[in-house]
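Can you look at this prediction? I've put the sequence above it.
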Amino acid sequence: MTTILIAGVAGFIGSNFARYLHRHRPSLRLVGIDYLSSASVYSTIAPLVEAGALHFVKADINDTETVTRTYREHSVTRVVNFAAESHNDRAILDPTPFMLSNALGAQQLLEVSRKVGVERHVHISTIEVYGEQAPGAPPFSAASPLAAKTPYAAAKAAGDLIVRAYMQTYPDMDIVLTHAGNNYGPWQFPEKLIPLCITNVLRGRKIPVYGDGLQERDWLHVEDHCRALERLLLSSRSFKAGPGAAIDPAQLPIYDISARSVVSNLQIVRLILSALNRPFNDWVEHVTDRPNHDRRYVIDPVRIESELGWQPEAVLEADLEQTVRWYVDNEAWWQPIVASSRRLQFDWAALKI
């Protein structure tokens, strides 16, 4: 029987992926690991655990003893690593947890996969490892150099380099590395742009827009992301580094996932307010931008489209409206998170870094 270990299972994308596999691949055995940091929410996976569809282990991926025992006890065959600290704002104030999880944690989990001997290890990274793009520049691809410029992105880029090193040093391992645009959809922690905007308005608060709000992002619905990862994780093909990978990273099994939905943060805010039937000028306030904020990044999904036949299904405006409705209908999920969170938005004019 195929057993999938999902690291970071209580996070936004990890929990959506667990629910996706349960719906579409019910014959799979699912094991989840998460150390339940401030941005992980156990209630996102609790129904799966209670139904016996997911075995949950509370552990840090740097706890190799517990992780190794979990692999062996459940005969794990394939691994997907979502585990990461992922909020740029928090990484500016305290980079250390990001380095420990996103770089060292990536290596520790890979090492357990290597020693135990799993069939495939999929590592989830981010578009931000490629850095910032000039206006009108072509999309990033697997051949693009890593040029991370924020503490969060640098930690993820360090993890990328470790994954690439394992791909080439241990050729018997089957490893896949992915990057994706900004995900949106249900169950996202309310500190990120889209859920923060929605929950602020639903609580009668204005939406804080960093700077001019013209930062451009590549938006991907989480369900489309899950479908792409399903293909990569369960494909019968073998993922190996090509003979020239040492000088050409495009020969590494790296897949960039994008719906080619590139809009500004300000346009996202407009779409949210339109879905909530609220006037833009009454609900937006421009605030001091965060330090070192990337202006633009876009990636090219042509490889996963051509090799695996994946295509996005979501339409940004329609599916963003559905996302807004989900938060309207699921206040019982996000209200306790908002009430217990120490800080969801940051006043960079007042903060000292």
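Structure's in. What do you need? In this text, all values refer to a predicted model and were calculated from it rather than measured experimentally. Numbering: from 1, shown residues only.

which strands and helices sit next to the host helix or strand of W219?
Using DSSP states H and E, W219 maps to strand 216-221. In terms of contacts (3 or more C-beta pairs under 8 Å, 6 or more residues apart in numbering; DSSP states H and E), strand 216-221 is packed against strand 182-184, strand 261-264, helix 265-275, helix 316-329. Quick note: C-beta positions are derived from backbone N, CA and C, even for glycine.

and the longest one with helix 265-275, angle?
Angle, helix 316-329 to helix 265-275, by axes from the mean of the first three to the mean of the last three C-alpha atoms, to 10 degrees: 60 degrees.

how many neighbours does the residue lying closest to L93 once chain neighbours are set aside have?
Nearest non-adjacent residue to L93, counting by C-beta to C-beta, 6 or more residues apart in numbering: I353, 6.6 Å away. Using other C-beta atoms under 10 Å, I353 is surrounded by 7 other residues.

quick one: I353 from V287, how far?
Separation of I353 from V287 (C-beta to C-beta, to the nearest Å) stands at 16 Å.

ok, now S15?
30 Å.

Tell me which of those two has more neighbours.
S15 (29 against 18).

That one: what's it in contact with?
The contact partners of S15, taken as C-beta atoms under 8 Å, 6 or more residues apart in numbering, are V9, V41, T44, I45, W187.

Likewise for W334?
P190, P195, T199, Y327.

Pretty sure the third one sits against Q188.
No. Using C-beta atoms under 8 Å as the test, T199 is too far from Q188 to be in contact (10.2 Å).

okay, those two: which has more neighbours?
Shown here are T199 and Q188; by other C-beta under 10 Å, Q188 has more neighbours (27 against 20).

Give me the local confidence score for that one.
Q188 is assigned a pLDDT of 97 by the prediction.

Show the contacting residues for it.
Taking C-beta under 8 Å, 6+ apart as the test, what Q188 contacts is F12, I194, P195, V222.

L308 too?
With C-beta under 8 Å, 6+ apart, L308 has these contacts: A228, R231, L232, S235, Y255.

what's around A53, how many residues?
A53 has 18 neighbours, counted by other C-beta under 10 Å.

State the pLDDT value of A153.
Reported pLDDT for A153: 96.

Name the residues that touch stretch 123-131?
Contacts for stretch 123-131 (C-beta under 8 Å, 6+ apart): 13, 80-82, 84, 86, 88, 106, 110, 140, 144-150, 152-153, 156-157, 159-160, 163, 175-182, 218, 229, 256, 258, 294, 297-299.

contacting residues for the nearest residue to D300 once chain neighbours are set aside?
Ranked by C-beta to C-beta, 6+ apart and with sequence neighbours excluded, the top spatial neighbour of D300 is P139, at 3.9 Å. With contact set as C-beta under 8 Å, 6+ apart, P139 has these partners: S258, V298, I299, D300.
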